[in-house]
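In: Structure, please.
(one chain, ligands or ions: 1)
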Amino acid sequence: MSTTQESSPPICDYEGSGYRQDFWQGRGRDYEDRVERIALRRLLPRSGRRILEIGAGFGRLTDELGGFEQVVLLDYSRTLLAEARAHLGDDGRCTYVAADVYRMPFQPGSFDAATMIRVIHHMADVPAALRSIRGALAPGAVFVLEYANKRNLKAMLRHALRRQDWSPYDPQPVEFVRLNFDFHPAYMQRAVQAAGFRVERRLPVSYFRVGVLKRIVPAGVLAALDAAVQPWGPLYAPSVFTRNVAVGEGPDAVGEPLRFRCPSCGGDLLAGGDVLTCQTAGCGARWAVRDGIYDFKEPL
Ligand SMILES: C[S@@+](CC[C@H](N)C(=O)[O-])C[C@H]1O[C@@H](n2cnc3c(N)ncnc32)[C@H](O)[C@@H]1O
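Out: Below is the predicted model of the structure:
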């Protein structure tokens, strides 16, 4: 994985990464995968018209979005989207979009739901990312956001033992590795509200993410315990899932066919063959559609 500064803010670029093989497949994270699915099912509406999966990666969680008529997988990595497409297929229900979350290529108000799981911890400018997401959503849309929680039990213990130089109680995000941030729940709550959402529910997730526990207790048992704690546990787990609702005024294009817009200038795009061309005078950017993926990373 590399980091690019081609646009501001910088992006944690997973192009060509082995995220699935290196992080999930046979890597002892069955427990995390299970509890994330449980939290997602608790927070996401059962059905809807069009959902945006932000930072979808290789589509690990896309099968949880089955109640939606249309699913748009957005990710900055074309290679991960190609993996997603290889197993989810191209039946018209899923649309694959390579783009930067800070520069959404959709007409405002296009979605009635969105998810963003294990992604915002890569965002150097959280307010800008959340504003961009809010713009793609219609009023009333549900946005399920997961973030890495700096105020977790392990960090609190390490801090108490003076084995960690940052405080889990400081509301400011901590960047523990370049473009990898942990967030305080109070910080994220304020940021989400400031971007135009009402925070409806927050669940602590992955309480039992402890190496020794995961080795001796079967993943199914740990996941059942986690599921029991999620509804009432204090927010001291390493991961927090939140259900947020888009508030305020804004366009609602959910009932219309999905329309892309130019991520450079916001202008209308005209489709011709495998190219979408911006109609704005002075822009004219051309965007490719390759192997079933709309590519808005950089113009042709
Ligand atoms: C840790 S992976 C999580 C993938 C998936 N949500 C999951 O839970 O399996 C982070 C994903 O965020 C994507 N990502 C990071 N920065 C992005 C950005 N600025 N715009 C779009 N996607 C981004 C990466 O390409 C990567 O697929």
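
In: residues from the stretch 101-250 of the chain in reach of the ligand?
Out: Proximity of the stretch 101-250 of the chain to the ligand is confined to Val101, Tyr102, Ile117, Arg118, Val119, His122 under the rule Cβ under 6 Å from any ligand atom. Heads up, the C-betas are built off the backbone N, CA and C, glycines and all.

In: what's the closest of these to Ile216?
Out: Closest approach to Ile216 among those (Cβ to Cβ): Arg118, at 25.5 Å.

In: Strands of the stretch 151-300 of the chain, start to end?
Out: Taking DSSP state E, counting those that start in this stretch to define them, one finds strands in the stretch 151-300 of the chain at 174-177, 180-182, 197-205, 239-246, 269-272, 275-278, 286-290, 293-295.

In: For my notes, please list those strands in CSV and give mean pLDDT, distance to Tyr19 and mean neighbour count for each entry.
Out: What follows is the strands of the stretch 151-300 of the chain, written out as CSV (pLDDT from 0 to 100; distance: least, Cβ to Cβ, whole Å; neighbours: other Cβ atoms under 10 Å):
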stretch, mean pLDDT, distance to Tyr19, mean neighbour count
strand 174-177, 96, 16, 13
strand 180-182, 98, 14, 17
strand 197-205, 98, 20, 20
strand 239-246, 98, 17, 23
strand 269-272, 96, 30, 13
strand 275-278, 98, 27, 20
strand 286-290, 98, 20, 17
strand 293-295, 98, 17, 21
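
In: Reformat those as a markdown table; add distance to Ala86.
Out: Shown next, in a markdown table, are the strands of the stretch 151-300 of the chain (distance: least, Cβ to Cβ, whole Å):
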| stretch | distance to Ala86 |
| --- | --- |
| strand 174-177 | 30 |
| strand 180-182 | 27 |
| strand 197-205 | 28 |
| strand 239-246 | 28 |
| strand 269-272 | 24 |
| strand 275-278 | 23 |
| strand 286-290 | 14 |
| strand 293-295 | 11 |
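
In: Among those, which comes closest to Arg50?
Out: Arg50 lies closest, by Cβ to Cβ, to one member of the strands of the stretch 151-300 of the chain: strand 239-246, at 13.7 Å.

In: which helices and strands does that closest one pack with?
Out: helix 30-43, strand 137-148, helix 185-194, strand 197-205 (3 or more Cβ pairs under 8 Å, 6 or more residues apart in numbering; DSSP states H and E).

In: Out of those, indicate the one that is most buried.
Out: For the helices and strands packed on strand 239-246, the largest average neighbour count (mean count of other Cβ atoms under 10 Å) is found in strand 137-148, namely a mean of 23.

In: just the angle between it and strand 239-246, please?
Out: Relative orientation of strand 137-148 and strand 239-246, computed by axes from the mean of the first three to the mean of the last three Cα atoms, to 10 degrees: 170 degrees.

In: Sheet partners, orientation included, of strand 137-148?
Out: Partners of strand 137-148 in the sheet, by DSSP bridges, are strand 111-116 (parallel), strand 239-246 (antiparallel).

In: what's the spacing between the residue most central in space within the chain and Ala285?
Out: The centroid of the chain falls nearest to Met116 when counting by Cα atoms, centre = their mean (2.1 Å). Between Met116 and Ala285 the computed distance is 26 Å (Cβ to Cβ, to the nearest Å).

In: go on, Leu235?
Out: For Leu235, the distance to Ala285 (Cβ to Cβ) stands at 42 Å.
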